[in-house]
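Q: here is the input, now give the coordinates:
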Amino acid sequence: MRFGKICYLNLLPFDMFIKSYPTPSRFKQSLFAHSSYPAKLNQSFLFNRIDAGFISSIAGVSSHNKQCGKYATKSGIIAKGAVWSVLVKHSTPKNDYQSDTSNTLSKALGLKGEVIIGDKALLWLYQNKKTQSDFSKAKSKANYKDSHKKISHYKQGYTSEQGYTDMGEAWFSKQGLPFVFGRLCCVKKYATFYEQISNRFNAKFNPKRVKIPHFWLLERARQMGISLDFAKEYLAHIYYKIGAKESIAIARFYRLARLMRLTPPKRAYKTQKHPKSK
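A: All right, here's what the predicted structure looks like:
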């Protein structure tokens, strides 16, 4: 069973869970053999190079519809409001090669700018010191009427007035629903196995009390170049169980993408350039 791992902070709780989950030794040995960014894992899944993994929502259409031998579980990477790790910087329009869903979502929301996702987006926010604590300090110092309205608008995270837009927040403000950025998908052959993992993970994980070993989180924060408190605050924005509202959000996103003719990623074949004959 070949599992594709996304090397982002938002899946650290799942990494911790799956290491302790009773699985065959062969599965544990190959668990992190296929590690990469979302867009590359999407291609690996479409080419059947991996059997399961957290696949971008837009690439999981066939899994959602249980087509092409694919299956989607009830676990995903979800945010209700600000997500912090999926942003559009107000600069020259540019897609992020590491993401398929975020590029599609930015177009669906009518956002123009540079798309940045994952740990790269978190580091950019941290370095620019645009955190919730900044807005809390501004709120305590503000003495005019409009300031309260502005700060209350910031309480979910970040806004377009700061030179970027948080796509999770932009989606929630328009749809009133959480957004599922990725989903645990697999080939139908292993549907029962991964459905059990999904159910156990959803039951065990409590988004209000994220229990991750201190040294794990501290080491990961150091590798990323962010503080431990910032990493904890970020993980509090993420949850994983797909319920009724999340299922509605997925269907609405697919419908919006279809109406705007935003096609999901397909198999990308590399073409070899042959030298011109003299």
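Q: okay, now residue 87: neighbour count?
A: A count of nearby residues for residue 87, using other C-beta atoms under 10 Å, gives 33. All C-beta atoms are positioned from the backbone trio N, CA, C, and that covers glycine.
Q: need the contact list for the residue lying closest to residue 98 once chain neighbours are set aside.
A: Excluding the flanking residues, the one nearest residue 98 by C-beta to C-beta, 6 or more residues apart in numbering is residue 37, at 3.9 Å. Counting by C-beta atoms under 8 Å, 6 or more residues apart in numbering, residue 37 touches 6-7, 98-99, 118.
Q: contacts for the lengthiest helix in the chain, please.
A: Counting residues, the longest helix found in the chain (DSSP state H) is helix 244-259. The contact list for helix 244-259, computed with C-beta under 8 Å, 6+ apart, reads 57-58, 61, 64, 76, 78, 104-105, 108, 175, 177-180, 183, 242, 263-264.
Q: any buried residues in that helix, and which?
A: Across helix 244-259, burial judged by 16 or more other C-beta atoms under 10 Å covers 246, 249-250, 253-254, 256-257.
Q: checking the most centrally placed residue in the chain next. Helix, strand or coil?
A: The chain has residue 181 as the residue nearest its centroid, 4.3 Å off, counting by C-alpha atoms, centre = their mean. Here residue 181 takes the strand state, with states given by DSSP: H, G, I helix; E, B strand; the rest coil.
Q: how far away is it from residue 5?
A: Taking C-beta to C-beta, to the nearest Å as the measure, residue 181 falls 16 Å from residue 5.
Q: next: residue 86.
A: According to C-beta to C-beta, residue 86 and residue 5 sit 19 Å apart.
Q: and the strands in the stretch 51-200 of the chain, which stretches?
A: Ranges of strands in the stretch 51-200 of the chain, per DSSP state E, counting those that start in this stretch, are 52-56, 70-79, 86-89, 114-117, 164-166, 179-187.
Q: any chance of CSV for those, columns mean pLDDT and distance to residue 27?
A: Shown next, in CSV, are these (pLDDT from 0 to 100; distance: least, C-beta to C-beta, whole Å):
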stretch, mean pLDDT, distance to residue 27
strand 52-56, 92, 10
strand 70-79, 94, 16
strand 86-89, 95, 30
strand 114-117, 95, 28
strand 164-166, 93, 36
strand 179-187, 95, 12
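Q: looking at those strands, which is closest to residue 201?
A: Judged by C-beta to C-beta, the one of the strands of the stretch 51-200 of the chain that comes nearest to residue 201 is strand 70-79, at 5.8 Å.
Q: and the angle for that closest one with strand 52-56?
A: Angle, strand 70-79 to strand 52-56, by axes from the mean of the first three to the mean of the last three C-alpha atoms, to 10 degrees: 60 degrees.
Q: quick one: low-confidence ranges for this structure?
A: Scanning the chain for pLDDT under 70 picks out the ranges 129-162, 207-210, 267-278.
Q: what segments of it are helices?
A: Taking DSSP H, the helices of the chain run over residues 12-20, 25-29, 38-46, 61-64, 101-108, 118-127, 132-141, 145-154, 167-175, 191-204, 214-224, 228-235, 244-259.
Q: redo those as CSV? Include distance to residue 1.
A: CSV is the format used below for the helices of the chain (distance: least, C-beta to C-beta, whole Å):
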stretch, distance to residue 1
helix 12-20, 12
helix 25-29, 5
helix 38-46, 13
helix 61-64, 16
helix 101-108, 24
helix 118-127, 25
helix 132-141, 40
helix 145-154, 44
helix 167-175, 31
helix 191-204, 8
helix 214-224, 24
helix 228-235, 27
helix 244-259, 25
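Q: check contacts around residue 188.
A: Residues counted as contacts of residue 188 (C-beta under 8 Å, 6+ apart) are 66, 69-71.
Q: at 6 Å what do you get?
A: 69, 71 (C-beta atoms under 6 Å, 6 or more residues apart in numbering).
Q: and it, how far from residue 6?
A: Per C-beta to C-beta, residue 188 is found 22 Å from residue 6.
Q: residue 229 and residue 17, how far apart?
A: Counting by C-beta to C-beta, the gap from residue 229 to residue 17 is 23 Å.
Q: neighbour-wise, which of these two wins?
A: More neighbours surround residue 17 than the other of residue 229 and residue 17, with 16 against 11 (other C-beta under 10 Å).
Q: can you count the residues close to the residue lying closest to residue 221 once chain neighbours are set aside?
A: Nearest residue to residue 221 in three dimensions, chain neighbours excluded: residue 231, at 4.4 Å (C-beta to C-beta, 6+ apart). Residues within reach of residue 231, counting by other C-beta under 10 Å, total 21.
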